[in-house]
Structure formats: structure tokens, C-alpha cells
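Chemist: Here is my input, please return the structure:
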Amino acid sequence: MPDSRGGSHAGRTAPRTLAEALRARADDELAALLRARPDLLSPVPNDVTQLATRAGTRASVVRALERLDRFALQTAEALAVAADPASYEELLGLLTGDEPVPEVAAALPGALGELRRQALVWGEDDRLRLVRTARELLAPQPTRPSPTGLGPTVAEATAGMSPGRLQEIVAEAGLPATHDPVSAVAALTSLFTDRERMARLLDTAPSEALAVLDRLVWGPPYGEVTASPAPPVRWLRDRGLLLPASPRTVVLPREAALHLRAGRAHRTPEPVPPVVAVAAERRPQVVDSAAAGQAYTALSTVEDLLKDWHEGGPAVLRAGGLSVRDLKRTAAALDTTEQLAAFWLELAYAAGLLATDGEADERYAPTPAYDEWLELPAAERWAVLATAWLAATRTPGLVGGQDSKGRTLSALGPELDRSAAPEVRHRVLGLLGALPDGAAPDPRSLQDRLRWERPLRGDALGTGARDLRARLTEWTLAEAELLGITGRGALAAPARALIGDGGAAGATGAGDDARRAHAVALLAPLLPEPLDHVLLQADLTAVAPGPLERPLAEALSVLADVESKGGATVYRFTPGSVRRALDAGRSASDLHAFLAAHSRTPVPQPLSYLIDDVARRHGHLRVGAASAYVRCDDETVLGEILADRRSQGLGLRRLAPTVLAAQADPAALLEGLRSLGYAPAAESAEGDVLITRAHARRTPPRTAPVPVPDGPPLPDGTLLGAAVKAIRAGDLAATVERKPSGTQAATPPADGELPRTTAAETLATVQAAALTGSALWIGYVNADGAASQRVIAPVRVEGGFVTGYDHTADEVRTYPLHRITGVAELVED
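Modeler: Numbering: from 1, shown residues only. The predicted structure is shown next:
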């Protein structure tokens, strides 16, 4: 008989169990099962029977159901409410109803083939069976209605009902009396499944009774009743159209509901995935330019963030993560919102550019990898961030929310990993990549498509993940725009090259390196070239009309303060910023030469005066450690300081005409005098001026955080081939026919049970097999206590060991005799 996959099973014995169905599969079909359900490989099953048992466990079945698309899931749900077993025609009827639906008929073979491939359904087309665990999860339960909205069958709903009550219902339904409850239930079931007789019965129903059925027909099928129900409810209850589920609850039987639904298990079958609608179309050049601009902004933001933490960032909370106050400070420094600041922090952390220093007073700081990242070209730096974001399970959108215990989730905290995040990101970008170049998707249709592909029915399976996936989709679209993956909502060419076909970025290997190099090559021409000049203006500002070369930007950030950013960066020169450059060891002549070399406009006279004036006063006062002192050759300056009321907090007193002692430490004294308008310089114990430069604080070498996997890793072809070979070999040992001998003659071992013989019987049988060259079935327990069954052909027995050809491992092996639990000869075939 042809099956739904287009093959033929003529001459093949129908399987009686899932294990038999799996045993009949070809090697490539077993490999496809293990690839679709990698949890079955942990560890590799000993044989097909163990594989079938593991495939039927609740955890494995739940994981498999979560990865079905909506129509495959609807197919499984229809099988759960069908007879067990059901035919292909019955299944098709539950999905289409009385009227044929070409789309459903065309899609059903593929959906059923997917369920078979994942070992959720087995059997021929005339005897389809859903695995027991899946049926228990999807079938109606008294405490949990079926996803189809159907209730229990007549037989299930009348279990425990008195025979007298059953006969009353049979009589009211117009059926002849029966001799026992079983035949009464069969008569009612036959009535409810007979379209013509059921239609005649409903024609006699009051209109109010039909209205009650209309409210229950699509679920939930349960309704509450009083001790004295209304006449319409009483009419339905007397005829078995409503059956008691509890003293105050009635239920609509499944057979009656299917008649009212015209045979459909679902109100709206969805055999075809929703189309992702296009919200806007733009020229690809516009999209790429917008994305490149945002990519450059992302690089600048990450640099500014880590530059702000250059000398050491904020402290780590005791429970891990960043405090709310420090997050607000970071957001203010980046001139952005706290939510966006959390995104940039998590991005830098995922890329391995930021970590904790591991000290007793633990703080955040840039890693050595940050310095290496800074040396890369801009396009390659973007590729590092984009690749890290695609693979990261860290979810910054959760920051500020609460965990299951009501605790606030903090940025860089330990509770932000969500294993579904990479899958959602890759799938969203894959769907964007399937649209025409320059097309931005409609977010609602994108959500509908993702919900169809992964329904994740948290109500039935207890996952509660539906809302999370919807939020992950929203966050993915927003974060992709921030990072320059998309431009104006459409996927940009560099990102399209990075993700490759189907959004499969993040893997390692030559293919990933090639995609990354292609993305870098596409982005590099779109990014602005770094400039080696600024425009000095008379109002003590400098305008950088674009990104500056790194040495120039670093030197200018010491000499001036950033006043505003955007398409151009405005720097402002102040006495404090010039003093900062002088403290860093630059002289006034160095500053004049630097500005003249890097300005496209003449150096304004006010800026030259400012530099000379600050330099003239810089170092006039000297501060050292006594606890602290102030030294100046001009006695009148020291007198002015002592007379100034603002200096009282420093605890100054005159030790000599040119020396003041202070109770404050040197650093506080320096800041205090600078706040009074002076330009003191720190000096060493030898009297030399101390040059102060920013101290770069770095963590020890750190690796980027490892993403939390969403289940076992996908096996490669080599592992799949080895696993299938091992399962086949174990199955051979478990199912090979053998002769009972010794103690086994009375009690032969059951399937999967190790053979048991005495030590003397084992030794004698092995020695005899070595002489005759025959094969044996043995039970073996290795040094780790793992038991297995093997088929070996002994060739030598000596010193307590047997050496022979192991048919299950396909190689020559040596086994200690004391670890062999028993042996049996194989039947001659």
C-alpha cells in the first residue's frame, strides 16, 4: 500500500512497536532522526530498543513537539483525538472536515512525513500511531483541554456511570434498550457519529439547546450547571449530548462536537505558512548607507563606553551585575537611555571586550582583547561585534525586569541568558534575507510567520515561552538596526553576506571565515575614512568633520573636552583641558606645534593665548607629600591662598615663607587648589614635576562568555555515522538468535537482559568456540560499570582473557573473562 511519503511497503511486515518501526529504517533515516532530535544521542543508545524507549520519554517528546511548525503540530493534535490506530483517510478527514481542502491535502504528506522522521508517529498509512507520550500531552484531559478544544469520548465520559442511567439516556435518544453498559455506550457512539441520525436528533432540539452547543463546540467543552439545570441543558443532558464530568460540570462528548464541527478537529487548519509582508521598499544603496552609518555609530559608542571605563569601571554587585545607579551613570555618559546602555554593555561583554577583573574589590574593566580590537580596521571591528551578537544568548532586553523570584534583573548579571535568543535572531534575519533587496518587513506578519514555525504552546506543554519569543523578535529587529545589521528596517548587504543562506551565521570553519571576509569587504567602502585634521575656530572650539585617526583623536581628547557629537564632533578648549595636557607631559610649544600640524585653519589667537597663559601658571605652585605641602617662590601667592576662605577645608598653615603644610592628601590638595583657580603641579620627593597620564586598567586575559546551548549540540556527519553504526551493532547483539545452554535453558534472558552463565560454563563455551571458530553472544560489563551485549568470534583464550573478532565493533578486541556475565551460542543459520 502506498504510504504518505510516496514509498511502497508491499511485502514488508507491519511494525508492532516503535522499536520495530525504527529497526526497519535505513541508516540514513536513522541518521535523520538523530539529527532532528540530538538529545537521543546523549549518550549513544546501545541498540534500537533503547533508542525507541528514549524517544518516548516525556522530556524528549516535549522538545520534539516544540520544534514542529503549526501544521505538523495540528496533525499530531488531530491524531491525538483520533482512534488509535487511525488510517490516513481518517486523519485527513479530521483536518479537512466534510468539505475537501486542497491545501490541507497537499500539505498533509509532508507534515506526516516530518512526524515520522522525528519518531513521533509510526506505522503504515492504514495504522498510524502517535507515540504514547505525545498522545498523553496532546489528548484532552479533565484538568487540561485539548488544543483542539475537543473533550473526552462518550466511552471516557460515561466511565463509572450507572447502567440504569445509561439506559435512560439511550431511551431518551430514541435508541432501543441494550443488555449491558458496553453496548449502550457503543449505541450512543454510533448515533453521534452517524451524520443523518444525528441531524434528525438535533432537528428536534429547542433553539436554546442549540445555542448551548454553539458555545461549547469549539471549546472549552466543559460547562457549569446548577442542581436544577435549565430546560435546554436538561434536554441535552437527558440525550447524552452533555455528559456529567463532575457534580457541577458537564462536558460535550467528542463525537457530538465533531458532528457539530462538520468533522474538523481544528477551527482553522493552517497548512501554508503566513507570508512575510513588505512594509516598505527602498533602494539597496540607501539601506546600505544607513546601515553603514549606524555601524560606525555602534563602533563609536562601544569605544566611548570602554574609554569611560579605561581606568576601571564600576564595582560588581555581590550577586553579579551592574547596579542601577551605575547603569544610570553609564547611560548619562553615553547620552542614551538605560535600556540602550544595557544593550551596549552586553554587546561589549559578549564580544569579550569587557569583563570583571577578578580582584577582591571586583570591578569591571576592558580586557586585553579590547586593545587588540582597537587596532583592527573599522569594518573588521564591526564584524567582531555582529558575530558576537548573533551567537550570544545574553538578552539585554530583560534588564530592568524581574525573575521568577521577583528580583530585578541587572545589566551584566547572571540571569540574562536565554538559549532561544540565537535561534530567533538567525531566523528573523533569515526571513529578512528572503525578501527582495531593500525591502523592510511588516513586523506583525513577521511575528505571525515565526509563531507558525514555532507555535511553542506553553499552555499545553508547560514551557511558557510564547511571550518570550515574541519579545525576542521585537528586540532582534531593534538591536539589528542599532548595530547596522539592518538599515531603515531592511537587511543590509554586509549583513546578508555575514549570515549566508538561511541566517546560519555563528558557525566556525572556513565557510564562516569566508562569509565574514565578504561582509567586511562590502562594509569597508561604506564607512567614512579617518581624517588627519580638524577645523579650529575662534570661540575656542575645534570641529572634526568626520572620524579622526586614532592618535589624533586620543591626543585631542586630552587637550580638549568633547562638547557635542553627531555627523561632526565639536571639541572645546578650556583652562582645565589645557592643564590636563600639560600634566600629561606636553609643553606649550608641543601643543602649539600639534595644533598647527593638524588644523586646516590658522590657529586662532585666543587659543594660543589660552595655552600660553595656562602654561605660564602651570607648575608655579608645587604640591608634594608631607602629608602634603605647597611650595611657591612667590610669598604673596601663598598669602592669597591662606587668606581665601575657600581654602579652610584644606587645613593649610605656613611652615616657611615659601612653604605651606596641609592636612589633606596631595591628590585632594591638587583638586582643591585647582578649584580655587590655580594651576598647581605635583612633584616627587626629589622635587621633580610628576607627569600624570591616564592609567589603563585591564583585566587578566578573558575569553568571551560561552552562549548557553539550547539543548545538545547538533551532531556532525561523522558522529551520526558512528552512532548509527554503534546502534546497529548493539541491535545485532541484542536480537541475534542464540541457543539456550546451562542455566539459560530454564530461564532464557529477556530482550535487553544480559546472558547469565557460571564462570565454568563461560570458560568452557568460549574455549569450545575458539576451537570450532563459531560465534558467541556475550554479556559484558566494562570498568565503568556500563553493560552491553556483543557478538564475538573467539580466536584465543589464555591468562584469563579471550581475544576474538567483535562483530558489533567490527574489530579484534580482548575481554577479561571475569567481566563476561554470560555466553550463549548462536543458532546455526
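Chemist: all contacts plus neighbour counts: C-alpha atoms, from now on.
Modeler: OK.
Chemist: I'd like the distance between residue 113 and residue 72.
Modeler: Relative to residue 72, residue 113 is positioned 9 Å away (C-alpha to C-alpha, to the nearest Å).
Chemist: Which of those two has more residues huddled nearby?
Modeler: Ranked by neighbour count (other C-alpha atoms under 10 Å), residue 113 and residue 72 place residue 72 first, with 24 against 18.
Chemist: Could you say which helix or strand holds the nearest residue to that one once chain neighbours are set aside?
Modeler: Nearest non-adjacent residue to residue 72, counting by C-alpha to C-alpha, 6 or more residues apart in numbering: residue 111, 4.7 Å away. For residue 111, the element it lies in under DSSP states H and E is helix 102-117.
Chemist: coming back round to it: for residue 631, see how far away the residue nearest to residue 72 is.
Modeler: According to C-alpha to C-alpha, residue 111 and residue 631 sit 88 Å apart.
Chemist: then stretch 778-788 to PDB, C-alphas only?
Modeler: Extracted C-alpha coordinates of stretch 778-788, given in PDB (Å, rounded to 0.1, in the frame of the first residue of the first chain):
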ATOM      1  CA  ILE A 778      28.100 -12.400  25.400                       C
ATOM      2  CA  GLY A 779      27.100 -10.000  28.000                       C
ATOM      3  CA  TYR A 780      30.000  -7.700  29.100                       C
ATOM      4  CA  VAL A 781      30.400  -5.100  31.900                       C
ATOM      5  CA  ASN A 782      33.300  -2.600  31.400                       C
ATOM      6  CA  ALA A 783      35.400  -1.000  34.100                       C
ATOM      7  CA  ASP A 784      32.900   1.900  34.400                       C
ATOM      8  CA  GLY A 785      30.000  -0.500  35.100                       C
ATOM      9  CA  ALA A 786      28.400   0.000  31.600                       C
ATOM     10  CA  ALA A 787      26.700  -3.200  30.400                       C
ATOM     11  CA  SER A 788      26.500  -4.200  26.800                       C
END
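Chemist: what's the average pLDDT for that stretch?
Modeler: In this model, stretch 778-788 has an average pLDDT of 84.
Chemist: residues in contact with that stretch?
Modeler: For stretch 778-788, the external contacting residues (C-alpha atoms under 8 Å, 6 or more residues apart in numbering) are 46, 730, 754-756, 789-792, 819-824.
Chemist: Just the buried residues of the lengthiest strand in the chain, please?
Modeler: Of all the segments assigned as strand in the chain under DSSP state E, the longest by residue count is strand 787-798. Burial within strand 787-798, assessed by neighbour count using 16 or more other C-alpha atoms under 10 Å, is assigned to 787-797.
Chemist: for the stretch 1-150 of the chain, what spans make up the helices?
Modeler: For the stretch 1-150 of the chain, the helices defined by DSSP state H, counting those that start in this stretch cover 18-23, 27-36, 48-55, 58-66, 70-81, 88-96, 102-117, 132-138.
Chemist: most tightly surrounded among those helices?
Modeler: Across those, averaging neighbours per residue (mean count of other C-alpha atoms under 10 Å) puts helix 70-81 on top, at a mean of 25.
Chemist: List the contacts of that one.
Modeler: With contacts defined as C-alpha under 8 Å, 6+ apart, helix 70-81 is touched by 65, 86, 91, 94-95, 108, 111-112, 114-115, 129-130, 134-136, 138-140, 146-148, 150, 265-266, 269-272, 451-455.
Chemist: And for stretch 38-56?
Modeler: 18-19, 22-23, 34, 60-61, 119, 131-133, 711-715, 723, 726-731, 734, 752, 788.
Chemist: again, only using 7 Å
Modeler: By C-alpha atoms under 7 Å, 6 or more residues apart in numbering, the residues outside stretch 38-56 that reach it are 18-19, 22-23, 34, 60-61, 131, 133, 712, 714-715, 723, 727-728, 730-731.
Chemist: next one: stretch 362-380
Modeler: The contact list for stretch 362-380, computed with C-alpha under 7 Å, 6+ apart, reads 306, 309-310, 312-316, 352-357, 381, 520, 523-524, 697-702.
Chemist: my read: residue 401 touches residue 411, true?
Modeler: No. Using C-alpha atoms under 7 Å, residue 401 is not in contact with residue 411, being 10.5 Å away.
Chemist: Noted, bye for now.
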